[in-house]
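Asks: sequence first, then the predicted structure:
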Amino acid sequence: MYPTLSDLIFDLTGWYIPLPIQTYGFFLALGFVAGAIVLYREFSRMERAGYLTGIKEKQMIGKPATVPEILGNALIGLLIGYKLVAMLLNWRGFTDNPQEFIVSSDGNWVGALVFAVFFGYLSYRNKEKERLPQPQEVETMVFPRERVGEIIMIAAIAGILGSKLFTWFEDWDAFLKDPIAALLSFSGLTFYGGLICASFAIIYYSYRKKIPISRLTDAAAPPLIIGYGMGRLGCHFSGDGDWGIVNQLAKPFSWLPDWLWAYTYPNNVINEGIPIEGCLGKHCRVLPEPVFPTSVYEFLMAVAIFIILMSVRKRFKAPFGLFALYLMLNGMERFAIETIRVNQRYNVLGFQLSQAQTIAIVLMLIGIALGVYAVIRYRKSLALQAK
């Protein structure tokens, strides 16, 4: 396994380049990038089809920089300079544990002051270049595709916070034992927690920006599943604990690679298992018995669902229809994979289900109800148009 991107580069090239990038975080970022690209293309397609349109927004141009703006930018520069210069001066220490370094009090005050002055001056200078003798109010048309960056940023922040929150609820005892480590760790993020919290945040944002929820959700369905699949690759390559139960079954096909059927996750990022003989470093453990590599299975299923959604999206004329299909397929995929995953079980109406399985059932039911609602609503709109 490759806890950091440096480990992956070393295994591929033999060169160790100290980088402060965790493998899971790298794949998570790739997931957001892939999602942003697909969302932008879907918004553009819907705008051309007439499903979405822009709204007019007013803004003032030509105003000089205000004191709060200059001080705000200076504060940002102060924080960046305080950490950045210290990182560069102690690069090896930073790359060994970037999360701990970022939240620690370690920093460089000289760098902080230099960056504060520089950022404050840039804020003032940029405003002076655009300054007009008489500030004017202009009206511009802003389309949904131009808001993709803001949507992805909101989804990232709310999603990560939500996934951490649901992870703590799922394993509350572990959180209470070491809340700081639980807060800083990027492993074991709960997808459904992120999905739920990000959904509420984006729905509120779309309401403010007058983007129809029905079209937004349909456009978001393919990006959600491909981003999820990329995140699962990060789980696998880092070995963050999202693996399955012990698998001692014989391979069904001789051509199937061992790692795709049963894997022991050596050098996993959470240091789970028994010590690896002769290994030196922070991540020197391996699972005593091979397990199902469920993260790989989820990646493959996510790709399959993504292909299905992209193939049928133009045929789904009813608003909410594509998102309803996504909810059903995603719920089915997650419920199935949870049968061979290691997760805490709860008694739900007499059934032993994991947190994810319970949510998956709810999402499937919502998907069915939403699909029925979408069809009925669409048929009514067609009937009204025919009159």
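Replies: On my side now, so go ahead. Numbers count the residues shown, from 1 in each chain.

Asks: in the stretch 1-150 of the chain, which spans are helices?
Replies: Using DSSP state H, counting those that start in this stretch, the helices assigned to the stretch 1-150 of the chain run over residues 5-13, 23-49, 67-89, 91-96, 98-103, 109-130, 148-170.

Asks: same question, the stretch 151-300 of the chain
Replies: 172-177, 179-184, 191-208, 213-238, 258-261, 294-312.

Asks: most tightly surrounded among these?
Replies: helix 213-238 (a mean of 24; mean count of other Cβ atoms under 10 Å). Heads up, the C-betas are built off the backbone N, CA and C, glycines and all.

Asks: got the angle for that helix vs helix 294-312?
Replies: Put simply, helix 213-238 runs at 150 degrees to helix 294-312, going by axes from the mean of the first three to the mean of the last three Cα atoms, to 10 degrees.

Asks: ok so, going back, mind checking which of the helices of the stretch 151-300 of the chain is nearest residue 383?
Replies: Closest to residue 383 of the helices of the stretch 151-300 of the chain is helix 213-238 (Cβ to Cβ; 18.3 Å).

Asks: now residue 2: closest residue in space that isn't a chain neighbour?
Replies: Spatial nearest neighbour of residue 2, chain neighbours left out: residue 8 (4.0 Å); criterion: Cβ to Cβ, 6 or more residues apart in numbering.

Asks: same question, residue 310
Replies: residue 222 (5.5 Å).

Asks: pretty sure residue 94 sits against residue 85.
Replies: No - contact between residue 94 and residue 85 fails when scored by Cβ atoms under 8 Å: they sit 11.1 Å apart.

Asks: what's the weakest-modelled helix or strand in the chain?
Replies: In the chain, the helix or strand scored least confidently by mean pLDDT, DSSP states H and E is helix 179-184, which has a mean of 53.

Asks: what's around the nearest residue to residue 262 once chain neighbours are set aside, how many residues?
Replies: Excluding its sequence neighbours, the residue lying closest to residue 262 (Cβ to Cβ, 6+ apart) is residue 290, at 3.5 Å. The local packing of residue 290 (other Cβ atoms under 10 Å) involves 20 other residues.

Asks: do you know the pLDDT at the nearest residue to residue 333 once chain neighbours are set aside?
Replies: Spatial nearest neighbour of residue 333, chain neighbours left out: residue 301 (4.8 Å); criterion: Cβ to Cβ, 6+ apart. We have a pLDDT of 96 for residue 301.

Asks: can you pull out the low-pLDDT segments for the stretch 101-250 of the chain?
Replies: 103, 166-192 (pLDDT under 70).

Asks: in this structure, spot the helix with the most residues.
Replies: helix 355-386 (DSSP state H).

Asks: what's that helix packed up against?
Replies: Helices and strands touching helix 355-386, by 3 or more Cβ pairs under 8 Å, 6 or more residues apart in numbering; DSSP states H and E, are helix 148-170, helix 191-208, helix 321-337, strand 345-348.

Asks: make a markdown table out of these and add distance to residue 74.
Replies: Rendered in a markdown table, the data for the helices and strands packed on helix 355-386 read as follows (distance: least, Cβ to Cβ, whole Å):
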| stretch | distance to residue 74 |
| --- | --- |
| helix 148-170 | 23 |
| helix 191-208 | 28 |
| helix 321-337 | 43 |
| strand 345-348 | 50 |
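
Asks: can you tell which of these is closest to residue 57?
Replies: helix 191-208 (11.3 Å).

Asks: now do the closest one and helix 355-386, the angle between them.
Replies: 30 degrees.

Asks: just checking, what packs against helix 191-208?
Replies: Using 3+ Cβ pairs under 8 Å, 6+ apart as the test, helix 191-208 ends up in contact with helix 148-170, helix 213-238, helix 355-386.

Asks: in JSON lines, list those along with distance to residue 12.
Replies: Shown next, in JSON lines, are the helices and strands packed on helix 191-208 (distance: least, Cβ to Cβ, whole Å):
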{"stretch": "helix 148-170", "distance to residue 12": "28"}
{"stretch": "helix 213-238", "distance to residue 12": "12"}
{"stretch": "helix 355-386", "distance to residue 12": "33"}
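
Asks: which of those sits closest to residue 284?
Replies: helix 213-238 (15.0 Å).

Asks: can you name every helix or strand that the closest one contacts?
Replies: By 3+ Cβ pairs under 8 Å, 6+ apart, helix 213-238 packs against helix 23-49, helix 191-208, helix 294-312, helix 321-337.

Asks: what residues sit buried inside the longest helix of the chain?
Replies: 355-361, 363-364, 367, 370-371, 374, 378 (16 or more other Cβ atoms under 10 Å).

Asks: who does the closest residue in space to residue 293 that isn't next to it in sequence form a beta bridge with?
Replies: With Cβ to Cβ, 6+ apart as the criterion, residue 293 has its nearest non-adjacent residue at 4.7 Å, and that residue is residue 263. Beta-bridge pairing for residue 263 (DSSP bridges): residue 291.

Asks: and residue 45, how far is that from residue 332?
Replies: 26 Å (Cβ to Cβ, to the nearest Å).

Asks: equivalent analysis for residue 30, please.
Replies: In terms of Cβ to Cβ, residue 30 sits 25 Å off from residue 332.
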